[in-house]
Every structure is written in structure tokens, then in C-alpha cells.
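J.: Mind folding the following:
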Amino acid sequence: MNIEKWIIAHFSPTGGTKKIADAIAAGFHIPVAELDLTEADSAISLGKNDALMAVLPVYAGRVPQVSLERLAALKGNGQKAVAVVVYGNREYEDALLETRDALEANGFRVVAAAAFIAEHSIVRSIAAGRPDPEDEALCRQFAAEVMAKSDYAPPVQVPGNIPYKELKPAVFHPAANENCVKCGTCARQCPMGTIPLDAPSLTNNDLCINCMRCVQVCPVSSRALPDAFLNVVTQMLNENAAGYKNPTVFL
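T.: Numbers count the residues shown, from 1 in each chain. A predicted model of the protein is given here:
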């Protein structure tokens, strides 16, 4: 493909999605520029011979709507794009189709797509250690196959349903316990701005998307989901997301 640079746009609150993005980017062997969609004011310019790879996490079979809203700031003019979703070993359902459709609506021509696996952001024992070395090798192979495609390759077809899976509002969200030292780390790093900097033990549940960044970055481990809810999710995932799933690519 005649591409001078890749723009790698990712939404990765807990780091798993970024690991996949980095592994694929390493296989392109041409310059890349990174766009962190967890930052509300992130921006980047797209050159005439640049291509876009969007790498988004899967939450309950869909991608976070905020990631699509921020991705919409990038406008294509028939330029090539790749859609990648990263899921926690259960299912990616309509997420890949949703991402492809969003890129096409933004004016890009989606020539490849993939669904990779990373450690589950809520129950870390699910897909623990992923992406592993085999995943990373497949990421690089996917990148090489994308680069080898013809400039005239037709738009890629991916699985999914229209209308997309209905999103149900989450009932439970991470909350701080009495160990909170009010350092504000969670508030400064929350992609949604749901935690007040002047009262970081609180959470605006209407905005929270359960991305788990606040849980991961808390220096005293004071933030967590309610135990009862976490137990139910853990049991469900142990029943439905066990075993080793392989990435799927569409070229």
C-alpha cells in the first residue's frame, strides 16, 4: 500500500488495548503517530498519504461511544483505515461492525479489520497475560498483511448486526472506600471526567462507563466495584469466557 504514515488512534483506559495497538504498529515498519482517545482534547492532523488505524475496547459487545465521538474529529477523504477491537475473551459481538461503520461515516475506506484479545479489565483472571507473545506475533503478521494489500483493495466485510446490540445502563460503578487519601490521581486520569478533583472519593455514575482506569491507577487500592456485583460478573465470565480464544482478522 502507498502509505507514508499511520495514525494510531486508541482508547485504552487500562492499557490492554494499547498493547495491541503498539504490537500492530510495530509490524508496519513505517512512521506512526499516536492519538490517545482517552484524552478529551486529543488532536492530530492527517496527511494526504496517511492512513488511520482505530483500536477500541469492547464493552458488553459494543465500543465506548465516547471513543467514537472523539474519533469523529478525524475526517478521511477516501483514505485507508483499519478497524481493530480488543475484547476480554468473551465475545466482540457488534463492536467491530460498529467501528468499521464509524470510520466509513468519517470518510475513510476500511480495508482491513481484526478482533484481538486482552486481559479482561474487570476480572483480571480472565485472559490473564494477554496479549501474549503469540498474540503479538499475530499482530505483526496482521500489519504485514495489511501493508501487502493492493491500493485498490475493496472495503472489508465484518460480522455484526444492525441494529447494534442494545446497551443497558450499568447499575454498579467503582466507588472509593475509607482508605481514599483524596490524592486526585483517579480524577485527573478518568477519561470521562466523572470524578471531581476537589472530591475524588465521589463518582458521577451518570457519566461513568466502568472503564476501570480509576481502579487501576489508585495508589492505595481504595476504588473498586461492589463485591456482590464483582462476584456475579466473575461467575458469568468463568462460565462464558474461559479457555483460549484466538484473534480473528478480516483482510
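
J.: what about the helices in this protein?
T.: 16-26, 65-71, 95-105, 133-147, 185-189, 213-217, 227-240 (DSSP state H).

J.: CSV please, covering the ones you listed and showing mean pLDDT, distance to Ala33 and mean neighbour count.
T.: All C-beta spots, glycine's among them, are computed from the backbone N, C-alpha and C. Converted to CSV, the helices of the chain look like this (pLDDT from 0 to 100; distance: least, C-beta to C-beta, whole Å; neighbours: other C-beta atoms under 10 Å):
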stretch, mean pLDDT, distance to Ala33, mean neighbour count
helix 16-26, 98, 10, 23
helix 65-71, 97, 15, 19
helix 95-105, 98, 17, 23
helix 133-147, 98, 15, 18
helix 185-189, 97, 22, 18
helix 213-217, 97, 23, 21
helix 227-240, 94, 35, 12
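
J.: want to throw those helices into JSON lines with distance to Met53?
T.: Formatted as JSON lines, the helices of the chain follow (distance: least, C-beta to C-beta, whole Å):
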{"stretch": "helix 16-26", "distance to Met53": "7"}
{"stretch": "helix 65-71", "distance to Met53": "11"}
{"stretch": "helix 95-105", "distance to Met53": "10"}
{"stretch": "helix 133-147", "distance to Met53": "8"}
{"stretch": "helix 185-189", "distance to Met53": "24"}
{"stretch": "helix 213-217", "distance to Met53": "22"}
{"stretch": "helix 227-240", "distance to Met53": "28"}
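
J.: Looking at these, spot the one closest to Ala170.
T.: helix 227-240 (9.3 Å; C-beta to C-beta).

J.: Run through who's touching the closest one.
T.: Helix 227-240 is touched from outside by Gly88, Asn89, Arg90, His120, Ile122, Val123, Ser125, Ile126, Val171, Phe172, Ala224, Leu225, with contacts defined as C-beta atoms under 8 Å, 6 or more residues apart in numbering.

J.: go again using 10 Å as the cut-off
T.: With C-beta atoms under 10 Å, 6 or more residues apart in numbering as the contact definition, helix 227-240 has outside contacts at 88-91, 120, 122-123, 125-127, 170-173, 224-226.

J.: Find the nearest non-adjacent residue to the residue lying farthest from the centre of the chain, please.
T.: Taking C-alpha atoms, centre = their mean, the residue of the chain most remote from its mean C-alpha position is Glu178, at 31.1 Å. Leaving aside its sequence neighbours, Glu178 sits nearest to Ser222 (C-beta to C-beta, 6 or more residues apart in numbering; 7.7 Å).

J.: What's the local residue count around that neighbour?
T.: 21 (other C-beta atoms under 10 Å).

J.: Look up how far Ile209 lies from it.
T.: From Ser222 over to Ile209 the distance is 20 Å, taken as C-beta to C-beta, to the nearest Å.

J.: all strands of the stretch 1-150 of the chain, in order?
T.: 5-10, 32-36, 50-57, 80-87, 109-117 (DSSP state E, counting those that start in this stretch).

J.: any idea which of those strands is most buried?
T.: Mean neighbour count (mean count of other C-beta atoms under 10 Å) peaks for strand 80-87 among these, with a mean of 28.
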